[in-house]
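**Student:** Below: sequence and its predicted model.
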Amino acid sequence: MTAADLTDLAGRVAVVTGACGRLGPAWVDALLGSGATVIGLDRAAEPDSALREVLDAHGDKQFDFHVADVTDRTTLERVLAACPGPPQVLVNSAGIDSPPSALGGGARFGDLPKELSGTVLDVNALGTLQCCQVFGTAMAAGGGGSIVNIGSLYAGLAPDPRLYEHIQVDPPFLKPPAYGMSKAAVAALTRYLAALWGPAGVRVNTLSPGGVRGDQDAEFVAKFTARVPLGRMALAADLRGPLLFLASAQSGYVTGTELMVDGGFGCW
């Protein structure tokens, strides 16, 4: 059996939450490219331009889009009922982040509103839990599969405030602690479910990207990449291979672990 055979997901149903999010299109692209039937979920009313570009490249083959909210279990159960078969891959990518902005709107640590922290924890942690309850339970009942929870390097490392000192806003930009808290909870859930569902043939792992290049300002990018041994931020293309590794038979004896895709950021 070749490596290509091991990553072949033809005939498999893959669910991707947060399909219109920053990384959602990359996951959909990778899974469609490996032959999976992909069910994309998002709160958006329809695929955005980034996801639309991916779908156009694949000719819309084997993709179905559903409006759903990971904090609303009823909508998740509705999507499960509409799946063409039991899901065998689940990518929990829906989440809320707080990128730095020159527009301000931040708060000092002592003044962070409870509502902000609660919303981040509700979507990132409890939303992932609910998706696992709905789709993962079906997976376990259906004979197995792979759950890939999308984590973050900030689950195990603190954001460095010096990366944001050049942004002239008042209050100074502060990455909310709830984000790292929520992603640490996702990693803990991964280990819990790996132990619970291993006998049912369900593998559960966390894929944790480092800084992903987006519309960050040049000074932030320079500061961040100075801390990365590989000397650059991640691109979406850097994440597709790790996802397919965890989602496919290539990682058939891997469960309960966290795969860091951070360019070495966390090694010093």
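**Tutor:** That came in fine, so what should we check first?
**Student:** List the residue ranges of the stretch 51-200 of the chain that fall below the pLDDT cut-off.
**Tutor:** 60, 99-105 (pLDDT under 70).
**Student:** mind redoing it with 80?
**Tutor:** 60-61, 98-106 (pLDDT under 80).
**Student:** CA atoms only: put the helix ranked longest in the chain into PDB for me.
**Tutor:** Criterion DSSP state H: the longest helix present in the chain is helix 177-197. Output of helix 177-197 as PDB, limited to C-alpha atoms (Å, rounded to 0.1, in the frame of the first residue of the first chain):
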ATOM      1  CA  PRO A 177      -6.600  34.900  28.200                       C
ATOM      2  CA  ALA A 178      -9.800  33.000  27.400                       C
ATOM      3  CA  TYR A 179      -8.400  32.100  24.000                       C
ATOM      4  CA  GLY A 180      -5.500  30.100  25.400                       C
ATOM      5  CA  MET A 181      -7.700  28.700  28.100                       C
ATOM      6  CA  SER A 182     -10.200  27.500  25.500                       C
ATOM      7  CA  LYS A 183      -7.600  25.800  23.400                       C
ATOM      8  CA  ALA A 184      -6.000  24.100  26.500                       C
ATOM      9  CA  ALA A 185      -9.500  22.800  27.200                       C
ATOM     10  CA  VAL A 186      -9.700  21.400  23.600                       C
ATOM     11  CA  ALA A 187      -6.400  19.600  24.200                       C
ATOM     12  CA  ALA A 188      -7.700  18.100  27.400                       C
ATOM     13  CA  LEU A 189     -10.900  17.000  25.600                       C
ATOM     14  CA  THR A 190      -8.800  15.300  23.000                       C
ATOM     15  CA  ARG A 191      -7.100  13.200  25.600                       C
ATOM     16  CA  TYR A 192     -10.300  12.400  27.300                       C
ATOM     17  CA  LEU A 193     -12.100  11.200  24.200                       C
ATOM     18  CA  ALA A 194      -9.100   9.300  22.900                       C
ATOM     19  CA  ALA A 195      -9.300   7.200  26.000                       C
ATOM     20  CA  LEU A 196     -13.100   6.900  26.000                       C
ATOM     21  CA  TRP A 197     -13.500   6.000  22.300                       C
END
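**Student:** Just the buried residues of it, please?
**Tutor:** 178-187, 189-191, 193-194, 197 (16 or more other C-beta atoms under 10 Å). Bear in mind the C-beta positions are built from the backbone N, C-alpha and C, glycine included.
**Student:** can you check stretch 18-34 too?
**Tutor:** Residues of stretch 18-34 classed as buried by neighbour count (16+ other C-beta under 10 Å): 18-32, 34.
**Student:** Just the ones of those in helices?
**Tutor:** 24-32.
**Student:** number of nearby residues for G40?
**Tutor:** Close neighbours of G40, defined as other C-beta atoms under 10 Å, add up to 30.
**Student:** wait, isn't it in contact with F63?
**Tutor:** Yes: G40 lies in contact with F63 (C-beta atoms under 8 Å); the separation is 6.5 Å.
**Student:** Name the residues contacting each of those two.
**Tutor:** Shared contacts of G40 and F63 (C-beta atoms under 8 Å, 6 or more residues apart in numbering): V28.
**Student:** where do the helices sit along the protein?
**Tutor:** Using DSSP H, helices in the chain cover 3-6, 24-33, 49-57, 73-82, 114-121, 127-131, 137-142, 177-197, 218-226, 237-247.
**Student:** Export the ones you listed as a markdown table, with columns for distance to N205.
**Tutor:** Formatted as a markdown table, the helices of the chain follow (distance: least, C-beta to C-beta, whole Å):
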| stretch | distance to N205 |
| --- | --- |
| helix 3-6 | 16 |
| helix 24-33 | 14 |
| helix 49-57 | 23 |
| helix 73-82 | 21 |
| helix 114-121 | 22 |
| helix 127-131 | 13 |
| helix 137-142 | 14 |
| helix 177-197 | 6 |
| helix 218-226 | 25 |
| helix 237-247 | 5 |
